[in-house]
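> Test case, fold it:
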Amino acid sequence: MMMAIGAFCLSLSFVFGCGERQPEPTPARTAPTRVSTPATPARIAPAPIESSTVPPQETITVMTYNILKGAGADAVAPGNKEWAAQLGFPGNRLPTVLEVIRTADPDILGIQEANQWNLGSPPVARRVADQLGMDYFLSVSTNPESGFASVVLFTKFDIKEAESYSSHFSRAALRAELVTPAGKSIHVFVVHLDGASDHVREAESTFLVGEMQPYVDDFSMLIGDMNFLDRPTSIGAILRQAGWSHPLGSSQNIDQIWTSSVLQPHVQPAPDIPSELTSRASDHRPVAVEIGIP
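So this is what the prediction gives:
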């Protein structure tokens, strides 16, 4: 188990609580401490799944959510809060963000713009995990120009291993292997691609495809704020050429969920979350799907 980075003291009160840019019943358990920069483990490509027509044995809910500048949590620096306020989202929106998440009730959740969620004692990410009753892994951005826009994976499943890719991104990215209650391994990539430069975004995507390649024939998914629209000439073409699928892509904007081909036939829309709730939380709506695991 690895450790989430934390530094400053924080007093934070949570209220329990899916992404386009506008341009458990399970018992709660204490989330273990996580480290966002472990040594990269040696990897062996898993044996390919022979058929995508095997009926699902488990159905899980997967969600990606850009919460805008750390959701204004108390540990977030004033500059991030001022930026969010200029976009019409002032104050601490974390209670509303938590309400959105709890309404969707995801098994796997990727958060983008978890700005400075490594701060506090315990860190904001740890406190959110405790409130949701989920395990977590935080990949910390070290780029002040992005407002330290970190990404976090929250999950109800066991995290077998995880690693941060933040040094290769203008924001942040991570990879994790999860194990479901039925013992199935799921490989999850959470990413926030660059929003300003096509060149940087393409370089980040090329790196990402290389890291994802060992898992293309397994139960794998890429979730995050991609900062591109999936068009024939977009970066989406790079992902497809590498064997990845974008099920339900026509209903997703820049916040997207991609899967390996073995999972693609088993992806369905998740129930909608009321817009009156999401409109108060962030300038992105969350994106959620249900995926059957054969």
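
> Work out for me the element the spatially most central residue of the chain sits within.
Nearest to the geometric centre of the chain sits residue 110, at 1.6 Å (C-alpha atoms, centre = their mean). If you go by DSSP states H and E, residue 110 is part of strand 108-112.

> Please state the offset of that strand from the chain centre?
How far strand 108-112 lies from its chain's middle: 3 Å, per C-alpha atoms, centre = their mean, to the nearest Å.

> Neighbouring strands - and their directions - for that strand?
As defined by DSSP bridges, the strand partners of strand 108-112 come to strand 58-66 (parallel), strand 151-155 (antiparallel).

> Format these as JSON lines; extra columns: distance to residue 217, mean neighbour count and mean pLDDT.
C-betas here are computed from N, CA, C, even on glycine. As requested, the strands paired with strand 108-112 are exported to JSON lines (distance: least, C-beta to C-beta, whole Å; neighbours: other C-beta atoms under 10 Å; pLDDT from 0 to 100):
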{"stretch": "strand 58-66", "distance to residue 217": "19", "mean neighbour count": "23", "mean pLDDT": "97"}
{"stretch": "strand 151-155", "distance to residue 217": "22", "mean neighbour count": "28", "mean pLDDT": "98"}
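
> would a markdown table of these with distance to residue 259 be doable?
Formatted as a markdown table, the strands paired with strand 108-112 follow (distance: least, C-beta to C-beta, whole Å):
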| stretch | distance to residue 259 |
| --- | --- |
| strand 58-66 | 9 |
| strand 151-155 | 16 |
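
> Residue 235 is nearest to which of those strands?
strand 58-66 (16.2 Å; C-beta to C-beta).

> following the closest one, which helix or strand comes up?
Moving toward the C-terminus from strand 58-66, the next element (DSSP H and E) is helix 78-86.

> which parts of that next one are buried?
The neighbour-count check on helix 78-86 (16 or more other C-beta atoms under 10 Å) flags 80-81, 84 as buried.

> So residue 277 versus residue 233, what's the distance?
35 Å (C-beta to C-beta, to the nearest Å).

> between these two, which one's more packed in?
Taking other C-beta atoms under 10 Å, residue 277 and residue 233 do not tie; residue 277 has more neighbours (14 against 6).

> and the more buried one, what is it in contact with?
96, 99-100, 103 (C-beta atoms under 8 Å, 6 or more residues apart in numbering).

> Correct me if wrong, but it is in a helix.
Yes: if the criterion is DSSP: H, G, I helix; E, B strand; the rest coil, then residue 277 is within a helix.

> Numbering from 398 from now on, please.
New numbering, starting at 398: the last item is residue 674.

> Do you know the pLDDT at it?
pLDDT, residue 674: 96.

> List the residue ranges of this structure that fall below the pLDDT cut-off.
398-451 (pLDDT under 70).

> go again using 80 as the cut-off
Where the chain drops to pLDDT under 80, the residues are 398-453.

> CA atoms only: put the strand holding residue 507 into PDB for me.
Coordinates of each C-alpha in strand 505-509 appear next as PDB, following Å, rounded to 0.1, in the frame of the first residue of the first chain:
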ATOM      1  CA  ILE A 505     -14.500   3.200 -10.100                       C
ATOM      2  CA  LEU A 506     -14.100   7.000 -10.100                       C
ATOM      3  CA  GLY A 507     -11.500   9.100 -11.900                       C
ATOM      4  CA  ILE A 508     -11.300  12.700 -10.600                       C
ATOM      5  CA  GLN A 509      -9.500  15.400 -12.600                       C
END
